[in-house]
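*Asks:* Structure for this input, please:
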Amino acid sequence: MQESSIIQYFTEKGIEQGKKQYAVEAILTVLEIRFQEEVIRDFEEAIAEVRRERA
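*Replies:* Numbering: from 1, shown residues only. Model (predicted):
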């Protein structure tokens, strides 16, 4: 039983990380469509900083 809960925990963590990664990629895609490349680089740097702070 305990093995099952460990597997479930890591599966949920993986899904959560995948959702976050998808959200970041979606945001960057929208920025690419709406703004110039310079602005996108600024946002990429800001997003990378938020990622480092939450890790």
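*Asks:* which helices and strands does the host helix or strand of V30 pack with?
*Replies:* Counting by DSSP states H and E, the element that carries V30 is helix 2-34. Contacts defined by 3 or more Cβ pairs under 8 Å, 6 or more residues apart in numbering; DSSP states H and E place helix 2-34 against helix 37-54. Just so you know, the C-beta spots here come from the backbone N, C-alpha and C atoms, and that holds for glycine as well.
*Asks:* Just the residues contacting the helix it packs on, thanks.
*Replies:* By Cβ atoms under 8 Å, 6 or more residues apart in numbering, the surrounding residues in contact with helix 37-54 are 24, 27-28, 31-32.
*Asks:* List buried residues within those residues.
*Replies:* Restricting those to buried positions leaves 24, 31, with burial counted as 16 or more other Cβ atoms under 10 Å.
*Asks:* for the protein, what are the low-confidence residue spans?
*Replies:* The chain contains residues with pLDDT under 70 at 1-3, 51-55.
*Asks:* can we see that at 80?
*Replies:* 1-3, 24, 28, 36-45, 47-55 (pLDDT under 80).
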